[in-house]
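Colleague: Return a 3D structure for these sequence lines:
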Amino acid sequence: MSFLQYLKDTRAEMRHVAWPTQMQTIMYTIIVIGISLFVAAYLGFFDYIFTTGLGRVLQVLPQTPTTIESPISTSTEDIIIGTDSTSSLQVTPVPLAE
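Modeller: Numbering: from 1, shown residues only. Next up is the predicted model:
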């Protein structure tokens, strides 16, 4: 099938399409805009409710940070790994603060 035949077939099919009238197009556009505004207001309402509720819950919770003991180091010294000026690996033990 050539490109020109494709264009002819497309034009023939477009003649069979039942196009809406101008009034139908206006009404469908108004309906789509109305439904979109309703859904936006509906979702915005619940977003506001959940955001406000979460904010109030977070105000009630304690604000002090909790400390968690690290299970990684079990000895009395941590090891710091770094590099010196010649880019060779250095391992330096550092005493833990008690």
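
Colleague: what pLDDT, on average, does the longest helix anywhere in the chain get?
Modeller: Selection of the longest helix in the chain by residue count, based on DSSP state H, yields helix 22-60. Averaging the model's pLDDT scores along helix 22-60 yields 96.

Colleague: Which elements pack onto that helix?
Modeller: Using 3 or more Cβ pairs under 8 Å, 6 or more residues apart in numbering; DSSP states H and E as the contact criterion, no helix or strand is in contact with helix 22-60. To be clear about C-beta, it is placed using only N, CA and C from the backbone, and glycine gets the same treatment.

Colleague: Burial check on I49, number of neighbours?
Modeller: Neighbourhood size, I49 [other Cβ atoms under 10 Å]: 10.

Colleague: Distance of it relative to I35?
Modeller: Computed as Cβ to Cβ, to the nearest Å, the I49 to I35 distance reads 21 Å.

Colleague: what does Y6 give?
Modeller: In this structure, Y6 lies at 37 Å from I35, with Cβ to Cβ as the measure.

Colleague: cool, and K8?
Modeller: Noted for K8: a distance of 39 Å to I35, by Cβ to Cβ.

Colleague: repeat for M27
Modeller: 13 Å.

Colleague: same check, this time on R11
Modeller: Taking Cβ to Cβ as the measure, R11 falls 34 Å from I35.

Colleague: For Q63, which residues are in contact?
Modeller: With contact set as Cβ atoms under 8 Å, 6 or more residues apart in numbering, Q63 has no partners.

Colleague: May I have the secondary structure class of it?
Modeller: Following DSSP: H, G, I helix; E, B strand; the rest coil, we place Q63 in the coil state.

Colleague: cool, and V17?
Modeller: For V17, the secondary structure call by three-state DSSP comes out as coil.

Colleague: how many other residues sit next to it?
Modeller: In terms of burial, V17 registers 6 neighbours under the definition other Cβ under 10 Å.

Colleague: so how far is T10 from it?
Modeller: Note on V17: its distance to T10, by Cβ to Cβ, is 11 Å.

Colleague: for A40, same thing?
Modeller: For A40, the distance to T10 under the criterion Cβ to Cβ works out to 37 Å.

Colleague: If anything else comes up later, I'll come back, but that's it for now.
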